[in-house]
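> take this sequence and fold it.
(one chain, ligands or ions: 1)
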Amino acid sequence: MNVLEVNNISKRFGGVQAVKDVSLELEKGNIVSIIGPNGAGKTTVFNLISGIYWIDSGDVLLNGESIKTKEQHERTSAGIARTFQNIRLFKGLTVLENVMTAQDPFAKYNLVDTLFSLKKKKAEEKRSRQESLVHLEMVGLAKYKDERPENLSYGLQRKLEIARALATNPQVILLDEPAAGLNSGEVIDFIDLVHKINEELGLSVLLIDHRMPLVMELSKWIYVLNFGQLIADGTPADIQCNPEVMKAYIGEED
Ligand SMILES: Nc1ncnc2c1ncn2[C@@H]1O[C@H](COP(=O)(O)OP(=O)(O)OP(=O)(O)O)[C@@H](O)[C@H]1O
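Down below sits the predicted model:
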């Protein structure tokens, strides 16, 4: 069963047709990637799935239901989490607090409770703290819980982003260039982490990355975009020897 389906989506920014008639499927529990040269439209596809932009035409389905008119936070609540190309962490907060703030929309207290039931609020905060610690353990960052994110290596900051995404209790996680800026040791570590969240949490993963070894190692299926359009899709083995794909990357057939 497909947890996510993208059906013929298009998006234009002024004179630029960023995405044209793109369709893709993510089967529950799979890891699928989108690759393509710079400016091919990959991040725009993520932005259209996660609700940062409205689609011009087409549809996005989560578990068979259209989410195209839902706001970004509603898509998060529905089960779509994402990380960004540029790391987005709160520098003034600790590692643990960074994960707790990602949970906030799910906090079970409201203003009235806050005023009249401090006890309830405290219980809620304790629960949030415990759950956040579980997410930090999952990504291997529990021992850094009281650190500031800016004191962590780039690779650990990427992992913290994943922990923040896990805090929203997703079914699908969109990873936008998670290996950008990582050294080769950190990339290997990151591959293990993506396998782990996929296998242990049953999360379906949609990935964008330029690091081909990572994409080939992780993906069950790969979609290739060029100038906003899908030019190929297939298994890593298919894609590696697809002449259209090579042409898109190097600009000539051989
Ligand atoms: N908000 C925007 N306003 C105007 N143009 C945009 C906007 N977002 C994306 N574009 C344009 O849409 C096209 C696709 O951009 P996009 O960022 O989706 O590509 P990409 O494949 O993710 O590239 P990269 O690999 O470099 O991140 C580009 O021409 C880009 O300049």
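> all contacts plus neighbour counts: C-alpha atoms, from now on.
OK.
> count of neighbours near residue 27?
A count of nearby residues for residue 27, using other Cα atoms under 10 Å, gives 18.
> who's in contact with the closest residue to it other than its chain neighbours?
Leaving aside its chain neighbours, residue 27 sits nearest to residue 2 (4.0 Å; criterion: Cα to Cα, 6 or more residues apart in numbering). Residues near residue 2 by Cα atoms under 8 Å, 6 or more residues apart in numbering: 25-28, 63-64.
> run the last query once more with 10 Å
Shown in contact with residue 2 (Cα atoms under 10 Å, 6 or more residues apart in numbering): 25-30, 61-64, 204.
> same check, this time on residue 170
75-82, 201, 203-204.
> note down every partner strand of the host helix or strand of residue 231 and its orientation.
Assigned by DSSP states H and E, residue 231 belongs to strand 229-234. According to DSSP bridges, strand 229-234 forms sheet pairs with strand 221-226 (antiparallel).
> quick check, the strand it pairs with touching the ligand?
No. Applying Cα under 6 Å from any ligand atom, one finds strand 221-226 separated from the ligand by no less than 7.5 Å.
> repeat that for stretch 228-237.
No. Residues of stretch 228-237 contacting the ligand under Cα under 6 Å from any ligand atom: none, with a closest distance of 6.6 Å.
> quick one: buried residues of that stretch?
Buried residues in stretch 228-237, counted by 16 or more other Cα atoms under 10 Å: 228-230, 232-233, 236.
> what's the answer for stretch 202-222, then?
So, applying 16+ other Cα under 10 Å, buried residues of stretch 202-222: 203-210, 215-216, 218-222.
> for the closest residue to residue 249 other than its chain neighbours, give me the pLDDT.
Nearest residue to residue 249 in three dimensions, chain neighbours excluded: residue 37, at 6.0 Å (Cα to Cα, 6+ apart). Reading off the confidence values, residue 37 has pLDDT 93.
> contacts only, for residue 37.
Contacts of residue 37 by Cα under 10 Å, 6+ apart are 210, 224-227, 245, 248-250.
> returning to what we had before: quick one: which of the contacts of residue 2 is most hemmed in?
Neighbour counts for the contacts of residue 2 peak at residue 204, which has 25 neighbours (criterion: other Cα under 10 Å).
> roughly how far apart are that residue and residue 1?
Distance of residue 204 to residue 1, computed by Cα to Cα, to the nearest Å: 11 Å.
> who touches both of those two?
26-29.
> and the helix ranked longest in the chain, which residues are buried?
For the chain, the longest helix by residue count, based on DSSP state H, is helix 118-139. Residues 121, 125, 128-129, 131-136, 138-139 are the ones in helix 118-139 that count as buried (16+ other Cα under 10 Å).
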